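In: Whatever this is, show me its structure:
(one chain, ligands or ions: 1)
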Amino acid sequence: MLQLTAVSAGYGGGTVLHGLDLDVPEGTVHAVVGHNGAGKTTLVHTVAGLLRPAAGTVRLAGADLTGRPPHRTARAGVGLVPQGRRVFASLTVAEHLLLADRGGSWTVSRVLELLPRLGERRGHRGSDLSGGEQQMLALARALLGSPRLLLLDEPTEGLAPQLARMVHELIASLAAEGLTVLLVSPSPALAAACADEVTVLTSGRATHHFTGSTVRADPSALHAALDLTAGGV
Ligand SMILES: Nc1ncnc2c1ncn2[C@@H]1O[C@H](COP(=O)(O)OP(=O)(O)OP(=O)(O)O)[C@@H](O)[C@H]1O
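Out: Numbers count the residues shown, from 1 in each chain. Coordinates of the predicted model:
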């Protein structure tokens, strides 16, 4: 579904991603794990059209998205849940949903079935929501665009373990419905919980690959690749 070939990207002449190749088959979850500054957000922004790659190609279901602006990338089927959620403090949950509704296969009622807590909070403003609720709202907003590919930038950042587990389950259930997911996170626990494939990103290069089942059976190699002690992040 998503194919990156030799993608290099950066800012103002500085290169952050160095010739990255990535292949995410339809209906699978691919986790890119790396430390702060490894280039995870740069990768997400490059796929979402927020950053034009200096070299290489980005393809979605065969269509060349390289260098397309964000609105056209979104129209091609890429949904983004940005780092930090980016919900509007002064808008209610209901207003967020109304603005994001594109009349596609993901309707507001379908989204609320998946995320019932948002229904209970529909009259509340963004500023009144907990971190977990804001994450759900950011996910709801992306789903209302009825994407084929969902990009999740650090979806469990700042969440309590119980809420993080709920996000893991949500991601797994979306993949079970056929959605393709590319998520980036510093957390090997997130990758182990819901990824089919795991790539370790080190200073903008893909340095290690694991299958999700390998990581679930024994996360030590992933931890070693990240220079983490077992049971870390
Ligand atoms: N807008 C920008 N202008 C210049 N340099 C940037 C910009 N955004 C990121 N960088 C630099 O690019 C490198 C990779 O940043 P990026 O945000 O992609 O990393 P990350 O893996 O997502 O880390 P984090 O977990 O901190 O978000 C860092 O050195 C960062 O300082």
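In: In the chain, mark out all the strands, start to finish.
Out: Assigned by DSSP state E, the chain shows strands spanning 2-11, 14-24, 29-33, 55-60, 63-64, 78-81, 149-153, 180-185, 197-202, 205-211.
In: nearest residue to the residue positioned nearest the centre of the chain other than its sequence neighbours?
Out: Nearest to the mean C-alpha position of the chain, counting by Cα atoms, centre = their mean, stands residue 152 at 1.3 Å. If you skip the residues right next to it in sequence, residue 152 has residue 183 as its closest partner in space, 4.0 Å away by Cβ to Cβ, 6 or more residues apart in numbering. For glycine as for every other residue, the C-beta is placed from the backbone atoms N, C-alpha and C.
In: can you check residue 98 too?
Out: Nearest to residue 98 is residue 108, by Cβ to Cβ, 6+ apart, at 7.7 Å.
In: wait, isn't the one you found in contact with residue 97?
Out: Yes: counting by Cβ atoms under 8 Å, residue 108 touches residue 97, with 5.0 Å between them.
In: Which neighbours do the two have in common?
Out: Shared contacts of residue 108 and residue 97 (Cβ atoms under 8 Å, 6 or more residues apart in numbering): residue 144.
In: which one of these two has more residues nearby?
Out: Counted by other Cβ atoms under 10 Å, residue 108 and residue 97 do not tie: residue 97 has more neighbours, with 21 against 18.
In: Surely that one is in contact with residue 139?
Out: No: using Cβ under 8 Å as the test, residue 97 is too far from residue 139 to be in contact (11.5 Å).
In: May I have the residues that are in contact with the nearest residue to residue 95 once chain neighbours are set aside?
Out: Nearest residue to residue 95 in three dimensions, chain neighbours excluded: residue 88, at 8.0 Å (Cβ to Cβ, 6+ apart). Neighbouring residues of residue 88 by Cβ under 8 Å, 6+ apart: 95-96, 126.
In: among those residues, which are in helices?
Out: 95-96 (DSSP state H).
In: Kindly indicate which of the contacts of residue 88 lies nearest the ligand.
Out: residue 126 (21.5 Å; Cβ to the nearest ligand atom).
In: okay, now that closest one: neighbour count?
Out: Other residues close to residue 126 by other Cβ under 10 Å number 20.
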